[in-house]
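Q: curious how this folds, go ahead:
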Amino acid sequence: MKRDNEKNRSRALRLVEEEVTNLKKSVLYLERIKNGVLPVIGEGSIFADIMFIGEAPGRKEAETGKPFCGSSGKILDSLLESIEVDRQHVYVTSIVKDRPPKNRDPFPAEIDIYAPFLDRQIEIIQPKVIATLGRFSMIYIMQKFGLSGDLKTISLTHGKWFEARTGYGKVTIIPLYHPAAAIYNQKLKDTLKKDFQIIKKYAKKKPK
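A: Numbering: from 1, shown residues only. The predicted structure is shown next:
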């Protein structure tokens, strides 16, 4: 049964990847082709209990096709290490799957184009916890799951948790600062480290 489920999930995620790769209606697709870079779909366990959702790929991510592999990825890795969680046991992705030029913030129209692919990833993987990284993913996910009434600035919302319902069951939403915010601000890195302790109780620890 699990093997069949694994095949179904893998097949469904491959279909998402194919559709994003050929998403010619996106302006960011044209940027991708022009710059000879890659879309960044997501990476990790297809049975992950925890899904991390960022905003959009950066330069390093677009060059490699891997999410959170640059400077912010190193911070994410260290945060996972701090709660003894192996990155391969979680799933990491972003709302927007192609890099906006010069790492600018994603435009609302770009979020609208790519968000349905994220919605499908959530339904395929069925995480018990969704940890949003940054304000754009926080806003999108909290609105998607009917938590607009709890939505405030990320400085007021980070590190809190909210229960929501999905088509597959209950999910816990945990908004967090984006790791990139901590690159030049040690205080935010300390805040992220503290907030990650909330995730710890949901996590599968690294084997000794």
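
Q: from Glu43, how far off is Ile95?
A: 15 Å (Cβ to Cβ, to the nearest Å). The C-beta positions use only the backbone N, C-alpha and C, and glycine is treated the same way.

Q: looking at the two, which is more packed in?
A: Neighbours were counted for Ile95 and for Glu43 using other Cβ atoms under 10 Å; Ile95 has more, 25 against 16.

Q: Thr72 touches Pro179, doesn't it?
A: One thing to correct before we go on: residue 72 is Ser, not Thr. Yes: Ser72 lies in contact with Pro179 (Cβ atoms under 8 Å); the separation is 4.1 Å.

Q: among these two, which residue is more densely surrounded?
A: Pro179 (25 against 22).

Q: I'd say the more buried one and Asp77 touch.
A: No: judged on Cβ under 8 Å, Pro179 makes no contact with Asp77 at a distance of 9.2 Å.

Q: list the contacts for Ser45?
A: Gln88, His89, Val90, Tyr91 (Cβ atoms under 8 Å, 6 or more residues apart in numbering).

Q: how close does the last one get to Glu17?
A: As for Tyr91, its distance to Glu17 is 14 Å (criterion: Cβ to Cβ).

Q: check the first one too.
A: In this view, Gln88 and Glu17 are 18 Å apart by Cβ to Cβ.

Q: look at the two and report which has more neighbours.
A: The neighbour comparison of Gln88 against Glu17 (other Cβ under 10 Å) goes to Glu17, with 17 against 11.

Q: what sits against Ile198?
A: The contact partners of Ile198, by Cβ under 8 Å, 6+ apart, come to Gly159, Trp161, Ile174.

Q: A strand includes it, no?
A: No: with DSSP: H, G, I helix; E, B strand; the rest coil as the criterion, Ile198 is assigned helix and is not in a strand.

Q: tell me the pLDDT at the residue lying closest to Ile53 once chain neighbours are set aside?
A: Nearest residue to Ile53 in three dimensions, chain neighbours excluded: Ser137, at 4.5 Å (Cβ to Cβ, 6 or more residues apart in numbering). Listed pLDDT for Ser137 reads 97.
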